[in-house]
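Student: Provided below are the primary sequence and the corresponding predicted coordinates.
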Amino acid sequence: MSVEHASMRIIDGYARGDTELAADQVWALEAHLEACEVCRDRLSAAVTAEAPAVAALVETVWSGLQAQLTAGPLPRRQRPRRWAARLSGWLTPAMVPWLAMAGSVTLIALLLDLSGPGSGKVSLVLLLAPVLPVLGVAASWSRGLDPAYELTASVPRAGLYLVLRRTASALAVVIPALLVGGWATGLMVAQWLLPCLAFTATTLALGGVIGVTRAAFVLAAVWAGVVVAPTLATSRTTFALQTVGLPVWGLILVLSIGVVIARRGAYTLLGAHQ
């Protein structure tokens, strides 16, 4: 079975740090290098020839580390935790407290809906459903919250692939909590699910332009000012939260998904991680 290797033009350009290489070519090369020993050897030779300063720096660092590694005790062999490795591809430590907070906010909103004054007029679960998953998405791409941000942004699959994985992990935590809350308050599933998915997809679509974290905070602020505040002030459910508005949410969801697909290359840039 023949294996298709990367061209030397791309490998040489990658070794030089050529900015003219397209983002999808860089992503494809880095993903290919994970499994191709031949191309890794060719890249090593290219770095030596095209970027001798980088090769010298790596050699200097390795020579200093080698002495320390050989002098110290050998690490104990441990069985790899496959579940931890798989989970790290979907979640980051920074997301855990934010997702826990989203679950707690959902529980508090449910209790207020069931026992608070004016229950049944304005559902807090319905008001908060669109923005709750966005909190987890924002935390997953925050430069200030993720101590491994630089490593995450530089991995071969740090583009849309990883964005969708972390978004799915946030939804997997929030949607079951909202499902329980919606069932307990008598809300239709579509009444909170469509705004939830549409808001999340819009965050990703806008995140390809201004960054995922910034987009999440901007949309959350707009939702709080345009929908939440007027609804709580008037004790009336706005059009955005009524069943007649569901087709609009469905249209927003479809359009946002289309934007994300059309601009999928934008998520390989560092600006999308802000």
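Tutor: The structure has been received and is ready for your questions. Numbers count the residues shown, from 1 in each chain.
Student: and A205, what does it touch?
Tutor: Listed by C-beta atoms under 8 Å, 6 or more residues apart in numbering, the contact set of A205 reads L255, S256, I257, V259, V260, R263. Where C-beta positions appear, they are placed from N, C-alpha and C, glycine not excepted.
Student: swap the cut-off to 10 Å and go again
Tutor: A215, I252, L255, S256, I257, G258, V259, V260, I261, A262, R263, A266 (C-beta atoms under 10 Å, 6 or more residues apart in numbering).
Student: what about the host helix or strand of L99, average pLDDT?
Tutor: In the assignment (DSSP states H and E), L99 maps to helix 95-115. Helix 95-115 shows an average pLDDT of 73 in the prediction.
Student: tell me the centre residue of this structure?
Tutor: Geometric centre of the chain, nearest residue: V163, 3.5 Å, by C-alpha atoms, centre = their mean.
Student: Could you look up the SS state of that one?
Tutor: helix (DSSP: H, G, I helix; E, B strand; the rest coil).
Student: Touching, it and R264? I think so.
Tutor: Yes - with contacts counted by C-beta atoms under 10 Å, V163 reaches R264, the gap being 9.2 Å.
Student: Common neighbours of these two, please.
Tutor: With the criterion set as C-beta under 10 Å, 6+ apart, the overlap between the contacts of V163 and R264 is G208.
Student: okay, and for the stretch 151-274 of the chain, where does confidence drop off?
Tutor: Counting by pLDDT under 70, the ranges of the stretch 151-274 of the chain that qualify are 151-159, 266-274.
Student: can you pull out the helices in the stretch 51-200 of the chain?
Tutor: Using DSSP state H, counting those that start in this stretch, the helices of the stretch 51-200 of the chain run over 52-71, 82-88, 95-115, 124-128, 132-140, 149-154, 160-185, 189-210.
Student: Save the ones you listed as TSV, and put in distance to G245 too.
Tutor: Listed next are the helices of the stretch 51-200 of the chain as TSV, based on distance: least, C-beta to C-beta, whole Å:
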stretch	distance to G245
helix 52-71	56
helix 82-88	37
helix 95-115	20
helix 124-128	11
helix 132-140	19
helix 149-154	37
helix 160-185	16
helix 189-210	8
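Student: Show me which of those has the highest average neighbour count.
Tutor: Each of these was assessed for mean neighbour count using mean count of other C-beta atoms under 10 Å. The highest is helix 132-140, with a mean of 27.
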